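Trainee: Below are the sequence and a predicted model; questions follow.
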Amino acid sequence: TALTHYFGLPEFTIVRGSAEYPIKYYGFIREPQYHATAPQSELLNYIDDAKRHRVLPWTVESTVVLTVSMYGVKVGEPSARSPMIRQPLHNIASFCYALDDDKHLLLLVTGDDVNGPFYLHVIELVVTSEAMDVCRLLKATIDEAHRRSVQRLVANGDSVRDEPRRAVPP
């Protein structure tokens, strides 16, 4: 954010409960047609096919910022008012790390099975030493949010059920 630049901090420094990482955002594939348990090589071939069909660009020149917090993820220019992506934590369906042609990729699937389609976001991490850190942080953030929500349910006397979310309350 602007605070990172104002105080001259490195891009990945945690500011106000969030972490920022410089990235290159390739875009997204709407309703990806691959299975979540598919081998990594199959997933990378799927992304290459999307590039061949011009759904995704082959290269990206500009660097933007990925912000990860307890509320979700955001991608955008530090000085821009509205981000390119803003997804709440509960809309992150899955994510994984992949190494493709010396590019460290974060593959982030977002969406809601009740209210809309899923999207596969293709993100290249600029600082290679941070690639696994981003995945660890995402996992820890999701685990912590889940732990807090279960604690809140138990404290309120609600039962924890494995029911699908409803689009509209009954």
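Mentor: Alright, I've got the coordinates.
Trainee: so what does the lengthiest helix in the chain touch, helix or strand wise?
Mentor: For the chain, the longest helix by residue count, based on DSSP state H, is helix 131-155. Applying 3 or more C-beta pairs under 8 Å, 6 or more residues apart in numbering; DSSP states H and E, we find helix 131-155 packed against strand 64-69, strand 92-100, strand 103-111. For the C-beta atoms, the positions are set from N, CA and C on the backbone; glycine is no exception.
Trainee: try 10 Å this time
Mentor: With contacts taken as 3 or more C-beta pairs under 10 Å, 6 or more residues apart in numbering; DSSP states H and E, helix 131-155 sits against strand 18-30, strand 64-69, strand 72-76, strand 92-100, strand 103-111, strand 118-125.
Trainee: And the pLDDT at the spatially most central residue of the chain?
Mentor: What sits nearest the mean C-alpha location of the chain, by C-alpha atoms, centre = their mean, is Leu108, with 4.6 Å. At Leu108, the model reports a pLDDT of 89.
Trainee: Tell me which of the helices and strands packed on helix 131-155 sits nearest to Met132.
Mentor: strand 92-100 (6.4 Å; C-beta to C-beta).
Trainee: coming back round to it: so the residue nearest to the centre of the chain touches Lys74, yeah?
Mentor: No - using C-beta atoms under 10 Å, Leu108 is not in contact with Lys74; the gap is 11.8 Å.
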